[in-house]
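[1] got a structure for you, letters missing:
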């Protein structure tokens, strides 16, 4: 059985992924940036002139970048929630 922290982390990841998807759907520049990134990744991934070692390094780089971004998104999302609660307390909306 998954720990409470792991379940919450997975739920937070789903919320963040949905927010990023919504952003890409509603923001033309975000959608274009995602498309450019995807095309660039595919051009590297399917480039037969690159060695297996280079392909593996590219894969590891992307995997590490995604993990770092996930950690940053989690931190920013949680900090935003904390900041919202602080603001609501100062405004007297909640105690």
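    Great, that's in hand. As the structure is a computational prediction, the values presented were derived from the model and not from experiment.
[2] longest helix in the protein, please.
    helix 52-90 (DSSP state H).
[3] quick one: the host helix or strand of residue 32 to chain centroid distance?
    According to DSSP states H and E, residue 32 maps onto helix 28-45. Distance of helix 28-45 from its chain centroid, counting by CA atoms, centre = their mean, to the nearest Å, is 15 Å.
[4] show me what that helix is packed against.
    helix 4-26, helix 52-90 (3 or more CB pairs under 8 Å, 6 or more residues apart in numbering; DSSP states H and E). To be clear about C-beta, it is placed using only N, CA and C from the backbone, and glycine gets the same treatment.
[5] how far off helix 4-26 does that helix point, in degrees?
    Going by axes from the mean of the first three to the mean of the last three CA atoms, to 10 degrees, helix 28-45 is angled at 110 degrees with respect to helix 4-26.
[6] show the contacting residues for residue 15.
    Under the criterion of CB atoms under 8 Å, 6 or more residues apart in numbering, the neighbours of residue 15 are residue 77.
[7] for residue 78, see how far away it is.
    Counting by CB to CB, to the nearest Å, the separation of residue 15 from residue 78 is 11 Å.
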